[in-house]
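Chemist: Please work out how this folds:
(2 chains)
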Number of protein chains: 2
Amino acid sequence: MNYLITGAAGFVSWHLIDAIFKKDPKAQITGVDLVKPIDPAIGRPLQFIADDLSNVERLAKILETAQPRFIIHLASSSAVARSWQYPGETFKNNTAIFLNLLEAVRLANVGIRILAVGSSEQYGIVSADKIPLKEAEPPNPMSPYAVARVAQEYLSAVYTKGYKLDIVSTRSFNHFGPGQDSRFVLPGFAKQVAEIKLGLRSSRIDVGELDIVRDFTDVRDVVNAYLALLDRGIAGEIYNVCCGHGRTIKDCLRGLITLAGVECEITKRPDLIRPIDNPIIVGDNSKIKSQTGWAPTISFETTLGDIYKYWLSKVMPENTK
Amino acid sequence: MNYLITGAAGFVSWHLIDAIFKKDPKAQITGVDLVKPIDPAIGRPLQFIADDLSNVERLAKILETAQPRFIIHLASSSAVARSWQYPGETFKNNTAIFLNLLEAVRLANVGIRILAVGSSEQYGIVSADKIPLKEAEPPNPMSPYAVARVAQEYLSAVYTKGYKLDIVSTRSFNHFGPGQDSRFVLPGFAKQVAEIKLGLRSSRIDVGELDIVRDFTDVRDVVNAYLALLDRGIAGEIYNVCCGHGRTIKDCLRGLITLAGVECEITKRPDLIRPIDNPIIVGDNSKIKSQTGWAPTISFETTLGDIYKYWLSKVMPENTK
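Modeler: Have a look, this model is predicted:
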């Protein structure tokens, strides 16, 4: 089977490529990104094409080359905090590139299933009685990033209904695991804790808002959800991809500090606080469970341990490894 | 008072400029558009700046020059049919330019009220029991244009809540009147009927879907609604701007044919049918009425007559005028 992954150099893609080859060792995978993947995915027989998805004609050529049965659209400027600083870039690298992809697939007019990865940020600020969030909940986006994602989902609906494109959409909740960029909150903490452990920084940890609650799923579970949706998801439908349990950011930080066995001085940095933020985002995963049979399998503690080990190894000076 | 109008060369702007000067003869109006206004607005003391709103730095300079108290954001690729052909352009010339404007206003950090003109297309396909549509109804956009407009409205909410910008949003239903481009449905009919009347074309009228129901308001009432909202609208709120009465496109066409007293052969053209369309869009205008005192004043028949007269004069060969 032929797969095309956009955002192929990213953290989720590394794990997705592994999961595809585990499921289908003969898979033909084409990856598109700005730069070539440099981490775990390398060494795998991945056909890489450098492209920023800004041009429909170039995308048409990529489709011709890759001949995909499935497209997993991971490419995204996905940092919420950054979207407040660079909202224009966020729209370009979410909504505009997705629209280009839809146009290219529509014009190619062949049987391609697209997995349009969206975000739990689309739900925005909700009252406590809406938790856990079901897919029927209307959007209430609270950041430029979230608005761009809502637009992506509506575009999927328009192309499914107007042009009969085969699109399955996700609202993916927070995912975490080895390989994630330290601009995101948990790897950011893990990196700092690992540096403290190795005496590479003072005991000060810089944090943003700690009391918000998020629903974290291991990235290896997330990519298996994506493969389940490609196989058994219903076209035009939207699926929460989540664990169903909420944890405060503070609890996650405490977990990492306990793992490392270090003393830390926690310092709130105003520049890490967003203009507005959602106090709680926890999802209901009964739809994806019942329609695809998928369920998360990796415990929160296991993932936290894996992240800590990943960062410990990554920040360790070469000569001490 | 200083006003800045984006999309200043368009049909709505022509009428808005008239309405502003009627209300405030000393108004200082700056208009931005790709090309200079060439119709009714000319002759008015309008400061014109040619710009495509694609650049935040240039917009900052425009704000410095115009020093507006009010911005009326009319600039938009607003043809639904065209948005199916050129979805990327539609996003660029709706969502992206609006985002640039918000960023420029945020960075200027002065007291500016923005009227963010949106569209009834944001409601999409709704069941009959939702008619007339109230502002609380969740969006269900059914064209690339409608998705771009929904994104604009969500961005307004994000900037109002996150950055305390003073934004009032509209969902403007169909408006019509003299000066509207013949790519839109009623002026398109009026032009053809006028050409038939003058013997400039055969009796064939090309039409798309005739059974859809829309809520038409005279553009002169619409621009007065915009001024009422700038004065008395509540920041962060969304207002339907509409008449509250539904009419089929067929009835509008019949009205024009009766006015002209001509015989016509009505021909459905497949290329004028959209991939999907909303069967009925009729709004509830009680919110804007109760909060601002605005109400429509011009009858449907009066507007239809004015449009017919406008097109009769416009298509008449120079030597016969």
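
Chemist: Chain A: strands as residue ranges?
Modeler: Under the criterion DSSP state E, chain A carries strands at the ranges A:2-6, A:28-33, A:46-50, A:70-73, A:113-119, A:166-172, A:175-176, A:204-207, A:213-214, A:217-218, A:238-241, A:247-248, A:265-268.

Chemist: JSON lines please, covering those and showing mean pLDDT and mean neighbour count.
Modeler: Every C-beta, even on glycine, is put in place using the N, C-alpha and C of the backbone. Formatted as JSON lines, these follow (pLDDT from 0 to 100; neighbours: other C-beta atoms under 10 Å in any protein chain shown):
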{"stretch": "strand A:2-6", "mean pLDDT": "97", "mean neighbour count": "24"}
{"stretch": "strand A:28-33", "mean pLDDT": "95", "mean neighbour count": "23"}
{"stretch": "strand A:46-50", "mean pLDDT": "92", "mean neighbour count": "16"}
{"stretch": "strand A:70-73", "mean pLDDT": "98", "mean neighbour count": "26"}
{"stretch": "strand A:113-119", "mean pLDDT": "97", "mean neighbour count": "24"}
{"stretch": "strand A:166-172", "mean pLDDT": "98", "mean neighbour count": "24"}
{"stretch": "strand A:175-176", "mean pLDDT": "94", "mean neighbour count": "25"}
{"stretch": "strand A:204-207", "mean pLDDT": "90", "mean neighbour count": "16"}
{"stretch": "strand A:213-214", "mean pLDDT": "94", "mean neighbour count": "20"}
{"stretch": "strand A:217-218", "mean pLDDT": "98", "mean neighbour count": "24"}
{"stretch": "strand A:238-241", "mean pLDDT": "98", "mean neighbour count": "26"}
{"stretch": "strand A:247-248", "mean pLDDT": "96", "mean neighbour count": "16"}
{"stretch": "strand A:265-268", "mean pLDDT": "90", "mean neighbour count": "11"}
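
Chemist: can you tell which of those is closest to residue B:94?
Modeler: In terms of C-beta to C-beta, the element of the strands of chain A nearest to residue B:94 is strand A:113-119, at 20.5 Å.

Chemist: does any bit of that closest one sit next to chain B?
Modeler: No. Strand A:113-119 lies apart from chain B when judged by C-beta under 8 Å from any C-beta of the partner chain; the minimum separation is 13.1 Å.

Chemist: Quick check: which helices or strands does that strand pack against?
Modeler: Packed against strand A:113-119, as judged by 3 or more C-beta pairs under 8 Å, 6 or more residues apart in numbering or on different chains; DSSP states H and E, are the following elements: strand A:70-73, helix A:97-108, helix A:144-163, strand A:166-172, helix A:219-232.

Chemist: mind redoing it with 7 Å?
Modeler: Taking 3 or more C-beta pairs under 7 Å, 6 or more residues apart in numbering or on different chains; DSSP states H and E as the contact definition, the neighbouring helices and strands of strand A:113-119 are strand A:70-73, helix A:144-163, strand A:166-172, helix A:219-232.

Chemist: which ones are touching the nearest residue to residue A:248 once chain neighbours are set aside?
Modeler: Leaving aside its chain neighbours, residue A:248 sits nearest to residue A:213 (5.4 Å; criterion: C-beta to C-beta, 6 or more residues apart in numbering or on different chains). Contacts for residue A:213 were tallied using C-beta atoms under 7 Å, 6 or more residues apart in numbering or on different chains; they are A:246, A:247, A:248, A:279, A:280, A:282.

Chemist: what residues does chain A put near chain B?
Modeler: For chain A, the residues found near chain B under the criterion C-beta under 7 Å from any C-beta of the partner chain are A:87-88, A:91, A:95-96, A:99-100, A:103, A:138, A:141-144, A:147, A:150-151, A:154-155, A:158, A:161-163, A:275-276.

Chemist: Just the buried subset of these, written out for ChimeraX, thanks.
Modeler: Paste this into ChimeraX to select the buried members of the residues of chain A next to chain B, with burial taken from 16 or more other C-beta atoms under 10 Å in any protein chain shown:
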select /A:87,88,91,95,96,99,100,103,141,142,143,144,147,150,151,154,155,158,162,163
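
Chemist: So which of the strands of chain A is nearest residue B:16?
Modeler: For these, proximity to residue B:16 was assessed by C-beta to C-beta; strand A:113-119 is nearest, at 37.4 Å.

Chemist: what's in contact with the closest one?
Modeler: Applying C-beta under 7 Å, 6+ apart, the set of residues contacting strand A:113-119 from outside is A:69-74, A:98, A:105, A:146, A:149, A:152-153, A:156, A:165-172, A:226, A:229-230.

Chemist: What's the local residue count around residue A:318?
Modeler: Around residue A:318 there are 5 other residues, counting by other C-beta atoms under 10 Å in any protein chain shown.

Chemist: Tell me the buried residues in the lowest-mean-pLDDT helix or strand in chain A?
Modeler: Taking mean pLDDT, DSSP states H and E as the measure, the helix or strand of chain A with the lowest value is helix A:80-85, at a mean of 84. Burial within helix A:80-85, assessed by neighbour count using 16+ other C-beta under 10 Å, is assigned to A:80, A:81, A:82, A:83, A:84.

Chemist: So which of these is the closest to chain B?
Modeler: Comparing the buried residues of helix A:80-85 against chain B with C-beta to the nearest C-beta places residue A:84 closest, at 7.0 Å.

Chemist: so what's that closest one up against?
Modeler: Residues in contact with residue A:84, defined by C-beta under 7 Å, 6+ apart, are A:143, A:144, A:274, A:275.

Chemist: one more time with 8 Å
Modeler: Neighbour list for residue A:84: A:143, A:144, A:274, A:275, B:162 [criterion: C-beta atoms under 8 Å, 6 or more residues apart in numbering or on different chains].

Chemist: possible to save the residues you listed as TSV with pLDDT and distance to residue B:217?
Modeler: Conversion of those to TSV gives the following (pLDDT from 0 to 100; distance: C-beta to C-beta, whole Å):
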residue	pLDDT	distance to residue B:217
A:143	92	34
A:144	93	32
A:274	75	39
A:275	77	36
B:162	92	32
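
Chemist: Columns distance to residue A:176 on top of those residues, output as JSON lines?
Modeler: Compiled in JSON lines, these are given as follows (distance: C-beta to C-beta, whole Å):
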{"residue": "A:143", "distance to residue A:176": "19"}
{"residue": "A:144", "distance to residue A:176": "23"}
{"residue": "A:274", "distance to residue A:176": "19"}
{"residue": "A:275", "distance to residue A:176": "24"}
{"residue": "B:162", "distance to residue A:176": "25"}
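
Chemist: which of those lies closest to residue B:178?
Modeler: For those, the residue nearest residue B:178 by C-beta to C-beta is residue A:144; the value is 38.6 Å.

Chemist: I figured the closest one hits residue A:87, correct?
Modeler: Yes. Residue A:144 is within contact range of residue A:87, at 3.7 Å (criterion: C-beta atoms under 8 Å).
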